[in-house]
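[1] take this sequence and fold it.
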Amino acid sequence: MRILVVEDTEDLADAIIQRMRKHGYAIDWAADGYQAEELLATERYQLVILDLMLPGPDGQTLLRQLRRKGDDTPVLVVTARSRVDTKVDALDLGADDYVVKPFDFRELEARCRALLRRHHGIATSEQVFGNLSFDTSTKKVAIDGQPIDLSAREFRLLELFLSSLNKVMSKDTLIDRLCSLDQPVAPNAIELYVSRLRKKLEGASVVIRTLHGQGYVAEQKNGA
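    Model (predicted):
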């Protein structure tokens, strides 16, 4: 999953980025409203973490622009303003949730997970696909109750496949959602990630098929 962090306080932005990348998320950073405008116009994100007080166009302006374009990307507003009016205004403009500074990073992560789940129509953190269980909160994956060890990137790759079952995903799409702008990955790296994930999913009810010239598709076995 690819996330845009729009935050002008470098130390806070760096802390968010490092923490989220440790969990396997792809993170891009905009330090002001102008950078955010450019990235939102050219890139596709699954979540935006948006500060309200920014140099250049502020967070409210960016949020208004996003929604006027019909872009429904989930937006988590981060603000130092604790007044109810500020929260109400952000929600009315189209924010999906908000967190007030200073915040506990565990709360930020939980709210991010909830918004990403909600955007895919998933109610809880734990999902079951036949004999495969997958939990975004604990980051645990098991086959027939036996845990399997996945790297952070393998976990996010599996998350992408499970959120798009029966849908063809091209290599470019996978790269776009798994990698930050400052962490470019060659197309053959995706083949390696998928190959490793397939091996770890042996015996699972979910299989990943290669469609030559198109990409990959994850499917749940019939009767599983």
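[2] need the per-residue pLDDT for the residue nearest to residue 143 when sequence neighbours are not counted.
    Take residue 143 and drop its neighbours on the chain: the residue closest to it by CB to CB, 6 or more residues apart in numbering is residue 204, 4.8 Å away. Every C-beta, even on glycine, is put in place using the N, C-alpha and C of the backbone. We have a pLDDT of 96 for residue 204.
[3] please apply the same query to residue 118.
    Residue 118 is assigned 85 on the pLDDT scale.
[4] now do residue 80
    Looking at residue 80, its pLDDT stands at 86.
[5] that one: neighbour count?
    12 (other CB atoms under 10 Å).
[6] for it, grab phi and psi.
    phi -90, psi -10 (degrees, to the nearest 10).
[7] go ahead and confirm it touches residue 53.
    Yes - counting by CB atoms under 8 Å, residue 80 sits close enough to residue 53 to count as a contact (7.0 Å).
[8] follow-up on the earlier one: my read: the residue nearest to residue 143 touches residue 131, true?
    Yes - the pair residue 204 / residue 131 is scored as a contact, 6.4 Å apart, by CB under 8 Å.
[9] more neighbours, the two?
    The neighbour comparison of residue 204 against residue 131 (other CB under 10 Å) goes to residue 204, with 23 against 16.
[10] packing partners for the helix or strand hosting residue 195?
    Element membership of residue 195 [criterion: DSSP states H and E] is helix 187-200. Contact partners of helix 187-200 among helices and strands, from 3 or more CB pairs under 8 Å, 6 or more residues apart in numbering; DSSP states H and E: helix 152-162, helix 171-178, strand 206-211.
[11] that one to helix 152-162, inter-axis angle?
    80 degrees (axes from the mean of the first three to the mean of the last three CA atoms, to 10 degrees).
[12] just the buried positions in helix 187-200, please.
    Buried residues in helix 187-200, counted by 16 or more other CB atoms under 10 Å: 189-190, 193-194, 197, 200.
[13] and stretch 7-18, by the same measure?
    7-8, 12-13, 16-17.
[14] before we move on, back to that, packed most tightly, which of the helices and strands packed on helix 187-200 would that be?
    helix 152-162 (a mean of 20; mean count of other CB atoms under 10 Å).
[15] check which helices and strands that helix sits against.
    For helix 152-162, the packing partners by 3+ CB pairs under 8 Å, 6+ apart come out as strand 132-135, helix 171-178, helix 187-200, strand 206-211, strand 215-220.
[16] now that helix and strand 215-220, what's the angle there?
    70 degrees.
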